[in-house]
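A.B. asks: predicted model follows, preceded by the sequence.
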Amino acid sequence: MKKILLFSICATVIFLCTSFKRPVANPDDYYIVIIKHNYEMKLYDANNNWLITYPVVFGSKDMGDKMYQGDRRTPEGTFHIVAKKDHHRWNKFLALDYPNEESYQKFNERKAQGLIPQNAQIGGDIGIHGTWPHEEFAVDQYQNWTLGCVSTKNEYITEMYNALPVGTKVIIKY
């Protein structure tokens, strides 16, 4: 674990230094891959070079794909950052375009198969954000606490908020 932490710190320094070379990033310069079963958020550059891994937590201990509003699951698929906001509770918020066309297709198929109640809604307001003030231990202890969002430590979300533009691709998978 210490080796991973040291590597993460070194990678953070490298990422921050390289991101300062380009004051304005293009949405295609980076992409994020979130791997739910590993509790990891990995940042890659456009050449598929892995830059850094951040620890993350989610909504439910059930790591399945989001089915409907209120299930506290984190959706899987390919999304994009559509807005960046300061958040009064969770430091920074990178809003994702959930639900998107892929999300609606899965939702409607599952509803037709009877896997989702007919009166269920798809939900929304999914993003990547920080933690409550002084509660970053939730990330260290892998405490899934959100309503379906991805949460990381405030210092990490601030780094990503400052470096990544709206339009950046985010892939969420099991």
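C.D. replies: Noted; the coordinates are in hand.
A.B. asks: what's the first helix or strand after the longest strand anywhere in the chain?
C.D. replies: In the chain, taking DSSP state E as the definition, the longest strand is strand 77-87. Remark: after strand 77-87, the chain's next helix or strand is strand 91-96, criterion DSSP states H and E.
A.B. asks: what mean pLDDT does that next one have?
C.D. replies: In this model, strand 91-96 has a mean pLDDT of 97.
A.B. asks: all helices for this structure, in order.
C.D. replies: All helices of the chain, identified by DSSP state H, fall at 2-21, 101-112, 137-140, 154-163.
A.B. asks: looking at these, which has the lowest confidence?
C.D. replies: For these, where the average pLDDT is lowest is helix 2-21, sitting at a mean of 45.
A.B. asks: isn't residue 95 right next to residue 83, touching?
C.D. replies: Yes: with contact defined as Cβ atoms under 8 Å, residue 95 counts as touching residue 83 (4.1 Å). All C-beta atoms are positioned from the backbone trio N, CA, C, and that covers glycine.
A.B. asks: the more surrounded of these two?
C.D. replies: Taking other Cβ atoms under 10 Å, residue 95 and residue 83 do not tie; residue 95 has more neighbours (21 against 11).
A.B. asks: so who does that one touch?
C.D. replies: Contact analysis of residue 95 by Cβ atoms under 8 Å, 6 or more residues apart in numbering lists 81, 82, 83, 84, 85, 125, 126, 127.
A.B. asks: would you reformat those residues as CSV and include pLDDT?
C.D. replies: Formatted as CSV, the contacts of residue 95 follow (pLDDT from 0 to 100):
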residue, pLDDT
81, 98
82, 98
83, 98
84, 97
85, 96
125, 95
126, 98
127, 98
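A.B. asks: hang on, the earlier thing: quick one, the longest strand of the chain and helix 154-163 angle?
C.D. replies: Between strand 77-87 and helix 154-163, the angle comes out at 100 degrees (axes from the mean of the first three to the mean of the last three Cα atoms, to 10 degrees).
A.B. asks: tell me the buried residues in strand 77-87?
C.D. replies: Residues 77, 79, 80, 81, 84 are the ones in strand 77-87 that count as buried (16 or more other Cβ atoms under 10 Å).
A.B. asks: thanks a lot, catch you later.
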